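Asks: have a look at this prediction, sequence included:
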Amino acid sequence: MLTPPELVWLIAAVAKGDEEAFERLYAATRAKLYGVVLRILRRQDLAEEVIQDTYVRIWNGAGQFDPARASPITWMASIARNRAIDIVRRKGESAIEEEQGALEATAETPDPLARRDMTEELKRLLECIGRLEPDRQRLVLLAYYNGWSREQLAAKFEAPVNTIKTWLRRSLLDIRECLGL
């Protein structure tokens, strides 16, 4: 996988209409984004559809990417994740909350093969998440890795939505401090 600065450069080139840069960006990030989408949709046919739409959105929105606000992969993954969630809601596929047990297992235990391919950046992030209290770890992973809404989290953790928002914000601040950002 390319480094974040290389991905930033590719996105900037894509914003200028560089098709070769777009092909390189696609090749470097497709597997990651496909994994994000497939975890949410659990159907290859829908995942392929969402990936295609995601890259169209990346092509069209590359000029709006701001590396000061998010890393390139975070920006692209959020586009993919949001599109997948839209499809789940629109098509009435199995709702995320219907498979909480499977999602919690995914959120709490990274796939052993995926662990081998982790970048140093991801290892640092997981280390910082690991420093959170166990409930806060689960909260962050369910929210940002599995795409649970604040309402779903409020039901799961039996807390008001505003409390969930506060817990998430504090957890993210702790993670940011741990990462030295």
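Replies: Thanks, I have it. Bear in mind that the values here come from a model prediction, so they are computed numbers and not experimental data.
Asks: going by C-alpha atoms from here, please, whenever you check contacts or count neighbours.
Replies: OK.
Asks: using the three-state scheme, assign the residue nearest to the spatial centre of the chain.
Replies: Among the residues of the chain, the one closest to the centroid is residue 77, at 4.6 Å (CA atoms, centre = their mean). Secondary structure for residue 77, judged by DSSP: H, G, I helix; E, B strand; the rest coil, is helix.
Asks: how close does it sit to residue 34?
Replies: Applying CA to CA, to the nearest Å, one obtains 9 Å for the distance of residue 77 from residue 34.
Asks: low pLDDT regions in the chain?
Replies: The model of the chain has pLDDT under 70 over residues 1, 91-119.
Asks: quick check: domain ranges of this protein?
Replies: Domain assignment for the chain, taken from automatic domain parsing, gives 1-94, 96-181.
Asks: what's the nearest residue to the residue nearest to the centre of the chain if we skip its chain neighbours?
Replies: Nearest in space to residue 77, with sequence neighbours left out and distances taken as CA to CA, 6 or more residues apart in numbering, is residue 33 at 5.8 Å.
Asks: could you measure from the one you found over to residue 152?
Replies: For residue 33, the distance to residue 152 - CA to CA - is 23 Å.
Asks: who's more crowded, those two?
Replies: Neighbour comparison, residue 33 and residue 152: the larger count goes to residue 33, with 24 against 17 (by other CA atoms under 10 Å).
Asks: appreciated, that's everything.
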